[in-house]
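Below: sequence and its predicted model.
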Amino acid sequence: MYKAPATVAKPETANVTATIKDSKRQLMVVSTVTVIPAGISFRINGGSWIHFPGHSGFSDEVFEIAGMGNEGYFGIAWRGGTGGMAWKQQGEPALYFADVSTALNYESVYYEESLGRFVPAGGALHVSGFGGMGEYVSGSFTMSGGGVFTDNDREPIGKSTIQGYFCVRHDL
């Protein structure tokens, strides 16, 4: 029997097996589970995990999860609900991280000079749980080819990959 730890500092993956028996057969079920801490956990370009306490709720017509820590501010906005949602050129869903230590901003769009416009990053937001007020909102996200911008500049200086998980209380 697998028992998840009470708390984890970063996402932890475990392989879990279960055996189901009846009088004639035995079936083994194997799965991989990821145990995540409450809040928002993410890493940039495969680096160290960053964790922020987080909250979520509606503001105007957008649902947002957000977190803040010593490293900066992180947010994802979408229209609400569950499912997989590709990043959009404008609007929702959208991802944003402002890194205060480097004055860099990471976004789920990138300016493509050959097209003369912003294009969405690859990857998607996957919302697996969308509880009501006081309940939890949870899921994961990946972003590849998102823009890296210097503070207050709309011209990207590079591209990045961000991977993460969230489990935050719907409190706003």
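Perfect, I can see it now.

Quick one: low-confidence residue ranges for this protein.
Per-residue confidence for the chain (pLDDT under 70) gives these ranges: 1-12, 34-37, 91, 151-154.

show me where it has helices.
Taking DSSP state H as the criterion, the chain contains no helices.

phi, psi of the nearest residue to Gly146 once chain neighbours are set aside?
In this structure, Gly146 finds its nearest non-sequential neighbour in Ala121, 3.7 Å apart by CB to CB, 6 or more residues apart in numbering. Yep, even glycine has a C-beta here, placed from its N, CA and C like the rest. When read as degrees, to the nearest 10, the backbone of Ala121 gives phi -70, psi 160.

For Ala121, the count of nearby residues, please.
Number of residues near Ala121 (other CB atoms under 10 Å) recorded here: 27.

Next up, the contacts around it.
Trp87, Leu95, Glu107, Ser108, Val109, Tyr110, Met143, Ser144, Gly145, Gly146, Gly147 (CB atoms under 8 Å, 6 or more residues apart in numbering).

cool, Tyr136 as well?
Applying CB under 8 Å, 6+ apart, the residues near Tyr136 are Gly129, Cys167, Val168, Arg169, His170.

On the strand side of things, show who it bridges to.
Beta-bridge pairing for Tyr136 (DSSP bridges): Arg169.

wait, isn't Gly72 in contact with Ala98?
Yes - if you go by CB atoms under 8 Å, Gly72 and Ala98 touch, sitting 4.7 Å apart.

separation between Ile76 and Phe149?
Per CB to CB, to the nearest Å, Ile76 is found 17 Å from Phe149.

the more surrounded of the two?
More crowded of Ile76 and Phe149, by other CB under 10 Å: Ile76, with 29 against 21.

Could you give the bridge partners of that one?
Ile65, Leu95.

change the start of the numbering to 29 and stick with it
Understood, numbering begins at 29; the last thing we discussed is Ile104.

Quick check, it in contact with Ile93.
Yes - counting by CB under 8 Å, Ile93 is a contact partner of Ile104 at 5.3 Å.
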